[in-house]
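> after the sequence you'll find the predicted model.
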Amino acid sequence: MTPVESKVDALSSPEFNVKLFVENPAGVDLEELIPVFHRWIREELLEDELPIDVAGYARVPKGPGVVIVCDHAHYYFDERAGRPGLRYRGRRVARGEGEEGITRAFRSLLRAAALLEKEPALGGRYRFRTDQVEFGINDRLRAPSDAQTLAAVRPALESAVKALYGKPAKSMALASGPREPFMVSIETGTSPSVEALLGQLAAVAG
Amino acid sequence: MTGGAMKGTWATELRDRIPEVLGREIDIFETQMDLRSRGDVDEKLFAETRLRRGVYGQRYDNGHRYDGERTRHLEYREHPTKGVDTMWDAPGMVRIKVPYGALTREQMDVLAALAEDYSDGISHVTTRQDIQLHFVHIEDTPDLMRRLAAVGITTREACGNSVRNVTACPLAGVCKTEAFDVSPYADALMKFLLGHPDVQDFGRKFKPALSGCAHEACGLVNMHDLGLIAKTRTENGKVLRGFAFYVGGGLGAIPHPAQLVDEFVTEEELFPLTQAVCRVFARLGEKANRGRARIKFLVAKLGIEEFRRLVIEERAKLPHDPRWTSYLVDVAAYKETPARAPGGLVTNGGQSAGFRAWHKTNVRAQRQDGYAVVTVKLPLGDITSDQMRSLADIAGEFTGDNVRLTVEQNIVLRWVSEADLPRLHAALEAVDLGQAGAETIADLTSCPGTDTCKLGIASSRGLTAELSKRVQELDLASEEALQGLRIKASGCFNSCGQHHIADLGFYGISRKKGNRLVPHFQVVLGGKWTENGGSFGLATLAIPSKNIPEVVRRVTGRFVKEREPDESFTDFIGRLGKAEVKNFLQDLTAVPAYEEDPSYYSDWGDPRVYTMDDYGEGECAGEIVPRVEFGLQASEREVFEAQLFLDAGDLPKAQDMAYRAMLTAAKALVQTEFLDIRDDANDILREFRTRFHETKRFHDKFAGPKFANYLFAAQEAGADGGRPDQVRQRVQEAQLFIEAAYACYEKMGTWGAPA
């Protein structure tokens, strides 16, 4: 039986992901994040999520790092390409399409980043730079890593970044090879604090 | 296909690349998922169906998780379960069978993509040459399977009570000590057994393994349900190929060494004898008590002589199958092609210390001059998708498609020109895959344990990650006497980490101190890795998890200090004896009070206070589902599809599918008595008429032969086009026929025996 064909495109994928990089990569210790993430689950600190478990991959170089696996999202503190940072990845159910979905992904990421910056056990050693952001879609069917996907995604992404930062992004470029998941590197041209960006999101929503 | 353009589905995108049989199987599984989601399939039946497609449960999928202070309910959406006490929305594990561990570059690329798209970016190499992806949601599994099928991989029968992956020595074909290359035999055996009717009624799983020789470890034949060691024999001046044929080996809680059935089974007799073994196991193996349902228990119960007699008797009764020998054409044609010409390593002293260390432990000369096998050491079997893609590229440049997974959770590249070794090492280093120490004490093995396994008792991965660090810090691998030792850990007694055949083996257990639980490991010393997992270690005593690194330090230290010249670790432990080992380690059994040192009450890599609350019911054993129930389920799915065709206005297909559904149900009943019924409509009808209709066993109490007559009428009508109302009636009759088949089956005893 051939399944009914669905007509979908990149911006309807639930698999949006966004990553912020840490200011001080040398200060990262993945193993110290494991108890922190377990406590976040216990204290229900991740809004709108159903966390399931923490997966630790500190032994794997430049890997997924430490992951909070949730029902509809994964939160990675990953070291992909040797660049540690916090990544939000949507799963299964799209939380809005296009710009709305992108903005929601940013909001989820920024909330988690703010938690980490304020985490008492880490003593303020984890701070995030916001002048560079990665946006990706882990969905090779709807969003292959190519210029056409970037062209399709760009308007919504530009609009979401402009709303968040208050001005257009300085640049957006395809950062993934053809066999990799679609990924865009965004230079924002400015580096407001995580809290300021959350404030901006609240203001836009309000 | 472009990002901005509208997309179809993986089914449509890959339509031309998926072999028809695999595509059909996946479509069927998707339909079964649909039926289960409507509650139209029993949860146990669906669970075993899912397992036989490689879709496995994972920790916390019962909807509960201990958070360190209390057990919480995970509030998944309301939905039918996907097995007993198994939430539909809970992520699970997918096991991908990789027969004899052989991978192509294209397959590696797809595995990398699947790990990113459906899992968490990690592919995990298992101790049976599989790949496991964790945190996968069931709704993603049909597409995951399609993407695998498009590159020739199936997950079918990767779990459940079925024939699991056929494993083989990763050096097969390039090894200096083998009798001959077992690779094409492993490939053919996998194809022969996959979906074979005689392997559908097992009470438990069945694991085959092949080895090229008796004395190395590679095939681990001694611990397999079916173990085959390549041998040759010369008769009348002709060299014959065959296998020493073993059955009944296994680890688990009670390890059993494999028993020799026949010291030389010719290649022509290999498949029929295997088939006979499967039939005897299916017929006489334990079904009710899963803990004693592996074939090792049957062999032990009957004795090898009686088991052998039954197998020979069964062999004599088997209807001939041309596949028993037709595969030999493929064996003769099997050939691997190196990417590069052979060469010699230029040893001019200019190589780095890192290269030299790597060369010493990770490179092995092939039987073929000028070529080497390189082992890529993975940390506990984990590889990222970025690394997997890079490794595919590296293989492309240096070796071609000659890549294999190993039972020590590594990857080997075969057919590397020795002249290329320095460049290859540099390429591997660049992607963090050039670590030395493969197949040494620094190369630890572990099952997933409490990280993801429902049956895990202690954190075997946490422990082995910690031991890896300690071995490194103590530089144990530089000590000649220790270098070749193996450390392996399992999260529980089921031995997925193969601790019984390690020099230093550990398996997870729990012990109580006061009113608190403390994670422990049972220490198993002196198992033999060589000689195909030649002997099992000595269980000594239970040690708190946090003291295991000290066990390793002490035991290895004493071995270095006290061993006699050329004494093996196995012999050393044997000489010390259990009493002395216990005496030597006894002080490490002490657990301080929680208030004194709470770290003992958490496991390695998991800071939560230790608990057994997350321990769940494992799915390793699968669900015991008689084959007749699978047949009846298939008929239900077919009638469901007939209805879909009808709804879509495709009357000929609806009519045909309704007839097929009845035939499938009839065949399922016939097979309870006549296993070898052919998949031929006339044969099925004849046997059904004789066995069930004429004997009135299929008759309904009130309607008499009415339902059986639906089948006969459908057969007489054939494919002649019917009006919509006639086809609709045919579909309804098929549904009623299937219900009558279920009623008939219920009147029979379990396992098809007459009531």
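Good, I have the coordinates. Keep in mind the model is a prediction, meaning the values are calculated, not measured.
> look at residue B:186 and say how many residues are nearby.
The local packing of residue B:186 (other Cβ atoms under 10 Å in any protein chain shown) involves 26 other residues. No exception for glycine: its C-beta is placed from N, CA and C like everyone else's.
> all helices of the stretch 101-250 of chain B, in order?
B:105-118, B:141-149, B:183-193 (DSSP state H, counting those that start in this stretch).
> of the ones you listed, which approaches residue B:28 most closely?
Proximity to residue B:28 (Cβ to Cβ) singles out helix B:141-149 among these, at 9.9 Å.
> what's the angle from the closest one to helix B:105-118?
Interaxial angle, helix B:141-149 versus helix B:105-118 (axes from the mean of the first three to the mean of the last three Cα atoms, to 10 degrees): 160 degrees.
> residues touching residue B:346, list them.
Going by Cβ atoms under 8 Å, 6 or more residues apart in numbering or on different chains, residue B:346 touches residue B:419.
> and it, what element?
Using DSSP states H and E, residue B:346 sits in no helix or strand.
> can you show me the strands along the stretch 1-150 of chain B?
For the stretch 1-150 of chain B, the strands defined by DSSP state E, counting those that start in this stretch occupy B:55-56, B:64-66, B:71-73, B:92-96, B:102-103, B:122-125, B:131-136.
> ok, now the stretch 501-650 of chain B?
Per DSSP E, counting those that start in this stretch, the stretch 501-650 of chain B carries strands over the ranges B:504-513, B:516-525, B:538-544, B:602-603, B:606-609.
> any chance of CSV for the ones you listed, columns mean pLDDT and distance to chain A?
Shown next, in CSV, are these (pLDDT from 0 to 100; distance: least, Cβ to the nearest Cβ, whole Å):
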stretch, mean pLDDT, distance to chain A
strand B:504-513, 93, 17
strand B:516-525, 95, 16
strand B:538-544, 91, 20
strand B:602-603, 96, 9
strand B:606-609, 94, 4
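> residue A:153: which of the strands of the stretch 1-150 of chain B is closest?
Nearest to residue A:153, of all these, is strand B:131-136, at 25.7 Å by Cβ to Cβ.
> contacts for the closest one next, please.
A:55, A:69, A:74, B:55, B:58, B:91-96, B:98, B:111, B:114-115, B:118-120, B:122-126, B:144, B:405, B:448, B:452.
> now that strand against strand B:92-96, angle please.
Relative orientation of strand B:131-136 and strand B:92-96, computed by the same axes, to 10 degrees: 160 degrees.
> would you check that residue B:222 makes contact with residue B:259?
No: applying Cβ atoms under 8 Å as the test, residue B:222 and residue B:259 come out as separate, 10.0 Å apart.
> next one: phi and psi at residue A:110?
Note on residue A:110: its backbone torsions stand at phi -70, psi -40 [degrees, to the nearest 10].
> can you name the residue of chain A nearest chain B?
Going by Cβ to the nearest Cβ, chain B is nearest to residue A:149 of chain A, at 2.2 Å.
> before we move on, the earlier item: what sits in contact with each of residue B:222 and residue B:259?
B:246, B:249.
> quick one, which of these two is more surrounded?
residue B:222 (28 against 20).
> is it true that the residue of chain A closest to chain B touches residue A:137?
Yes: applying Cβ under 8 Å as the test, residue A:149 and residue A:137 come out as touching, 7.5 Å apart.
> who touches both of those two?
Shared contacts of residue A:149 and residue A:137, defined by Cβ under 8 Å, 6+ apart, are found at A:10, A:143, A:182.
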